[in-house]
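J.: Mind folding the following:
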Amino acid sequence: MEYLQNTILPVFKRYCKTLSLRDDAQLIEDYKKVHAPGSTWPEITQGMREVGIIDMEIYLLGNRLFMIMDTVPDFDHERAMDQLAGKPRQNEWEAYVSRFQQTSAEATADEKWQLMERIYKL
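T.: Residues are numbered from 1 along each chain as shown. This is a model prediction of the structure:
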């Protein structure tokens, strides 16, 4: 079967982000528990969906996190991150998880998670 490049229209936008955790094995294990299925606060998940985030995955290597964030096709990253920062309990969540991260308790999700530049695509 022959595959044709660019024949499928995108049904979402993808963003990849990175963040460093504190280099402490116990904090890293605790961070994983906070993100285990059913452990994240429901208001956080709801807020992400409301701003247009369809799906999100976070991967870990050492103390480095890698996030894949799929969004609606017309997603405006800057606007959505501003909206997300104002959602119920979002600031509280960011302060809560900051104890695991190499960041301050006052930082927003957008300030913590740095957008990565795609340098290759098959």
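
J.: so Tyr59, which of the three states?
T.: Secondary structure of Tyr59, reduced to three states by DSSP: H, G, I helix; E, B strand; the rest coil: strand.

J.: list the buried ones in the lowest-mean-pLDDT helix or strand in the chain?
T.: The helix or strand of the chain with the lowest confidence, counting by mean pLDDT, DSSP states H and E, is helix 109-112 at a mean of 90. In terms of neighbour count (16 or more other Cβ atoms under 10 Å), helix 109-112 has its buried residues at 109-110, 112. For glycine as for every other residue, the C-beta is placed from the backbone atoms N, C-alpha and C.

J.: who does that helix touch, helix- and strand-wise?
T.: Contacting helix 109-112 under the criterion 3 or more Cβ pairs under 8 Å, 6 or more residues apart in numbering; DSSP states H and E are the following elements: helix 77-85, helix 90-97.

J.: With respect to Asp24, which of these lies nearest?
T.: Set against Asp24 and scored by Cβ to Cβ, these come closest in helix 90-97, at 14.0 Å.

J.: got the angle between that closest one and helix 77-85?
T.: For helix 90-97 and helix 77-85, the angle between their directions (axes from the mean of the first three to the mean of the last three Cα atoms, to 10 degrees) works out to 90 degrees.

J.: And for helix 90-97, what's in contact with it?
T.: Taking Cβ atoms under 8 Å, 6 or more residues apart in numbering as the criterion, the residues outside helix 90-97 that touch it are 31, 34, 41, 43-44, 47, 84-85, 105-109, 112.
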